[in-house]
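Q: Provided below are the primary sequence and the corresponding predicted coordinates.
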Amino acid sequence: MQMLIAISIVLVLGYLFFHWLTYVTDHNEEIMVPNLNNLSELEVEEKLDDLNLEYVLLDSVDFDKRFKKHCVVEQDPIAGAKVKEGRKIYIKINSSGFKTVQIPNLIEKTYRQAVPTLKSIGLEEGKITYKPYLGKDMVLEMYLNGKKLNPGDKVFKSSKIDLVLGDGNVGFDDTELVDSLSTPAIEETPVDGQ
């Protein structure tokens, strides 16, 4: 009899505990995360306050012209995800402008080396022109908006860098070679019997 009473008490306590746990964790009461893209930090705060959600500003990212300045460009969890009340939404803000980067030394590097190097630091390939030079596709000069760049110069990220490459021609006239071959060689005569 005592064993039966003990089992009944354990079952009732277990049942009550699970109901209490469901109430405390808001089981089945989920909130859909809103789309925060292009909202200012103030707008994010107002929108999330209405839903009993919080936000954490992680960082500002490099300026992205698709978004307004100082507005959300990334969020986690993403829009449409279901979360519990009080959940923190992590956001990243668009910076106010492009950051600057240093121009790497691409002189005498090949075109195939230069383009990935530019892209790796956030620059873009601009116009390509050629001029006579022995090394084909070797970078000879770099320009931004017509201004010659030197390694170490600072430019804004996403700038288009124009490259001047060698065309693989040595740079002399073939007719000069033909003329020099057609001219007969002058024989030297020994002086004083030497």
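A: Structure received.
Q: buried residues in stretch 100-110?
A: 101, 103, 104, 106, 109 (16 or more other C-beta atoms under 10 Å). Any C-beta I mention is one placed from the backbone N, CA and C, and that applies to glycine too.
Q: equivalent analysis for stretch 139-158, please.
A: Using 16+ other C-beta under 10 Å as the test for burial, stretch 139-158 gives 139, 140, 142, 143, 144, 149, 155.
Q: tell me the one of those residues nearest residue 132?
A: residue 140 (10.0 Å; C-beta to C-beta).
Q: ok, which stretches of this structure are strands?
A: 31-32, 54-61, 72-76, 82-83, 88-94, 100-102, 124-131, 139-144, 147-149, 154-156, 160-166 (DSSP state E).
Q: the last one - contacts with which helices or strands?
A: Contact here means 3 or more C-beta pairs under 8 Å, 6 or more residues apart in numbering; DSSP states H and E; on that basis strand 160-166 packs against helix 111-120, strand 124-131, strand 139-144.
Q: let's see it at 6 Å
A: strand 124-131, strand 139-144 (3 or more C-beta pairs under 6 Å, 6 or more residues apart in numbering; DSSP states H and E).
Q: export the ones you listed as JSON lines, with columns for mean pLDDT and distance to residue 32.
A: Formatted as JSON lines, the helices and strands packed on strand 160-166 follow (pLDDT from 0 to 100; distance: least, C-beta to C-beta, whole Å):
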{"stretch": "strand 124-131", "mean pLDDT": "93", "distance to residue 32": "38"}
{"stretch": "strand 139-144", "mean pLDDT": "93", "distance to residue 32": "46"}
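Q: how about JSON lines for those, with distance to residue 76 added?
A: Below are the helices and strands packed on strand 160-166 laid out as JSON lines (distance: least, C-beta to C-beta, whole Å):
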{"stretch": "strand 124-131", "distance to residue 76": "28"}
{"stretch": "strand 139-144", "distance to residue 76": "36"}
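Q: out of those strands, which gets nearest to residue 81?
A: When these are ranked by proximity to residue 81 (C-beta to C-beta), strand 124-131 comes first, at 33.8 Å.
Q: report the distance from that closest one to the chain centre.
A: 22 Å (C-alpha atoms, centre = their mean, to the nearest Å).
Q: and the residue most central in space within the chain, what's its pLDDT?
A: By C-alpha atoms, centre = their mean, the mean C-alpha position of the chain lies nearest to residue 122, the distance being 5.8 Å. In this model, residue 122 is scored at 85, pLDDT.
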